[in-house]
Structure formats: structure tokens, C-alpha cells
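Undergrad: My questions are about this predicted structure, shown below with the sequence.
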Amino acid sequence: MAEEHPCQTPEGHRLCVNNCGFFGSSATMNLCSNCYGDLRLKNQQQASMKSTVESSLSAASPPSSSPEIAPVLQIHAAEPQIPATEKQIPTATEERQPPPPQRPNRCTACRKRVGLTGFMCRCGTTFCGAHRYPEVHGCTFDFKSAGREEIAKANPLVVAAKLRKI
């Protein structure tokens, strides 16, 4: 009769090495599928970065002309790459970009709140559904000259070379 141990987990069920809470397998180095996929992606990115650095250094100058290239390559390879998610957030002392200008959320003609359904006219103002047409809100944009300019840009003037008459 085989002796069973209730405290041991079966052979196929091991927790992920990264302690993410999922089960890993020996085929994926005891990692779950998510962690294993992340690991493979990270390894591929490192390999591609290394090959692009090596190819750019070899294309920039021949290896026999400059013996200082090898130490530079080792320095760049030794520096840890910081993923985009781990970059530092700028502090209050650092310069921050101003927020993008907010779109007005009221109709210019009737002051009705439009939210996401507001219509931007070519004159640069926002209108509700009732005032969106240029005839209704008295638009100041010159549609005729804008149309003429578009046609002129789309159809350049073609002039044939002049021939001498015999």
C-alpha cells in the first residue's frame, strides 16, 4: 500500500516562481504563462537591442580603425534598461508640459451644454446640434475662398512648352 502525504502538492501543481499566485510548470521554468511570456518578450527585446547596437557600431566605423569601440559596447551593454512603466514620474520642481487646451463644452449661440456631442465649426467655435450649420449661427468662415484654394492646390496649372511655328 502506497503511503500518501496530504501536505505535499502533486507534481504538476507548483506555484509560479514570481509569486504571482498562478501555477507554473517545469516546461516554463516553473513560471506561469503570463510571467513566462513577459520573460520571453524581455529576452527578445534585449537581444534585438544588442544586435542593433552592434550593427550600428560596426556600420559607423570599421572595427580595425578604432580600438575604443569594444569598451564602449561593454559599457552600454552593462547599463540596465529601465522599462517605460518604471520611469520616474516628474516631481513638482521639474518642468511639466501644460495640459492641452480644453474644448469648450457649451454652444456658442445658445450656451447649451454639449459635452461630447458638440460640433466644431470651421470658424473655430463649438455649437449644439441645432446651431451646427453655418447658415444658422452666422458663420464668419469664407467657404468660397477656402474651396478655391483647395482646388488650386489639387489641380496645378499645366503649361505646354511652346513650339515654333513653321
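TA: Looks like it came in fine.
Undergrad: Run a quick neighbour tally on residue 137.
TA: 20 (other C-beta atoms under 10 Å). Any C-beta I mention is one placed from the backbone N, CA and C, and that applies to glycine too.
Undergrad: and it, what is it in contact with?
TA: 108-109, 121, 125, 127, 131 (C-beta atoms under 8 Å, 6 or more residues apart in numbering).
Undergrad: So it versus residue 115, what's the distance?
TA: 18 Å (C-beta to C-beta, to the nearest Å).
Undergrad: what's the pLDDT at residue 87?
TA: Residue 87 is assigned 50 on the pLDDT scale.
Undergrad: Same check on the one 10 residues further on?
TA: The pLDDT attached to residue 97 in the predicted structure is 71.
Undergrad: Can you tell me how far it is from residue 128?
TA: Per C-beta to C-beta, residue 97 is found 31 Å from residue 128.
Undergrad: the more surrounded of the two?
TA: Using other C-beta under 10 Å, the more surrounded residue of residue 97 and residue 128 is residue 128, with 20 against 6.
Undergrad: Identify the residue nearest the more buried one in space, chain neighbours excluded?
TA: Nearest non-adjacent residue to residue 128, counting by C-beta to C-beta, 6 or more residues apart in numbering: residue 107, 3.9 Å away.
Undergrad: residues contacting the one you found?
TA: Contacts of residue 107 by C-beta under 8 Å, 6+ apart are 113-114, 118, 126-128, 130-131.
Undergrad: Go again with 10 Å.
TA: Contacts for residue 107 (C-beta atoms under 10 Å, 6 or more residues apart in numbering) come out as 113-114, 118-119, 125-132, 137.
Undergrad: Likewise for residue 128?
TA: Neighbouring residues of residue 128 by C-beta under 10 Å, 6+ apart: 106-115, 117-119, 137.
Undergrad: Turn these into a markdown table, including distance to residue 39.
TA: As requested, these are exported to a markdown table (distance: C-beta to C-beta, whole Å):
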| residue | distance to residue 39 |
| --- | --- |
| 106 | 52 |
| 107 | 54 |
| 108 | 55 |
| 109 | 59 |
| 110 | 58 |
| 111 | 57 |
| 112 | 55 |
| 113 | 50 |
| 114 | 49 |
| 115 | 45 |
| 117 | 46 |
| 118 | 47 |
| 119 | 49 |
| 137 | 59 |
